[in-house]
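Participant: any chance you could fold what I've pasted below:
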Amino acid sequence: MIQPRLERYLRERGTPYRFLGHPRAIASQETAEAEGISGWQLAKSVVVDLAAGDEVICVVPAPTWVDLDAVCDATETEDAILSDEDRMRELFPGCEVGAEPPFGGLWNLPVIFDPSLLAIDRILMNAGTHDDLIELRTEDYLILERPLLAPIAVMPGEPWRHAMPAEV
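Facilitator: Numbers count the residues shown, from 1 in each chain. Modelled structure (predicted):
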């Protein structure tokens, strides 16, 4: 179970937080609905494998997807793909696949945080299971994790930034 490990991580760093239980939900949007909140208040973690063999946790609003081209730009790598489930189990012991908390300091992974999430004061995110969320102030999360801020989120169906025509 991840909760004691996550609690210890936050407590040792003096970061205030609150755990919330909710009816089991797998998809991020289902989780937001179970909590009775907008998906824009829920941050989801998406783990991306970079060309150099490293991984990065991408934190984006629940209704969005990760723009892998933008991740390549932010990390100055040539290629990026979504991590597979087997790799997720290795990287996040004790977590259910798809419910990984976006705490790179806990997992020794870098974090990229989409700036659109700066618009909310309190952020909700998965806490390692599909039944639990953690809530903390967005500012506290940024102080704790010191993520790279980069626009990496795109709405489903929108072209990635590299596919969009350049403005003249």
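Participant: list the residues that contact Tyr9.
Facilitator: Tyr9 sits next to Phe103, Gly105, Leu106 when contact means C-beta atoms under 8 Å, 6 or more residues apart in numbering. Every residue, glycine included, has its C-beta placed from N, CA and C.
Participant: and these, which is closest to Ala153?
Facilitator: Phe103 (19.0 Å; C-beta to C-beta).
Participant: tell me the most packed of the contacts of Tyr9, by neighbour count.
Facilitator: Counting neighbours by other C-beta atoms under 10 Å, the top entry in the contacts of Tyr9 is Phe103, with 26 neighbours.
Participant: quick check: it touching Leu6?
Facilitator: Yes - counting by C-beta atoms under 8 Å, Phe103 does reach Leu6; the two are 6.9 Å apart.
Participant: low-confidence stretches in this protein?
Facilitator: 1-2, 22-23, 25, 30, 160-168 (pLDDT under 70).
Participant: in JSON lines: the contacts of Tyr9, plus distance to Met155 and secondary structure.
Facilitator: Shown next, in JSON lines, are the contacts of Tyr9 (distance: C-beta to C-beta, whole Å; DSSP: H, G, I helix; E, B strand; the rest coil):
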{"residue": "Phe103", "distance to Met155": "26", "secondary structure": "coil"}
{"residue": "Gly105", "distance to Met155": "29", "secondary structure": "helix"}
{"residue": "Leu106", "distance to Met155": "29", "secondary structure": "helix"}
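Participant: quick check, nearest of these to Ala43?
Facilitator: The shortest gap between Ala43 and any of the contacts of Tyr9 belongs to Phe103, at 11.4 Å (C-beta to C-beta).
Participant: now do the same contact list for that closest one.
Facilitator: Leu6, Tyr9, Val111, Leu144, Glu145 are the contacts of Phe103 under C-beta under 8 Å, 6+ apart.
Participant: rerun at 7 Å
Facilitator: Phe103 makes contacts with Leu6, Tyr9, Glu145, as judged by C-beta atoms under 7 Å, 6 or more residues apart in numbering.
Participant: can you pull the phi/psi pair for the first one?
Facilitator: So that's Leu6. phi -70, psi -40 (degrees, to the nearest 10).
Participant: that one contacts Pro101, correct?
Facilitator: Yes - here Leu6 reaches Pro101: they are 5.9 Å apart, a contact under C-beta atoms under 7 Å.
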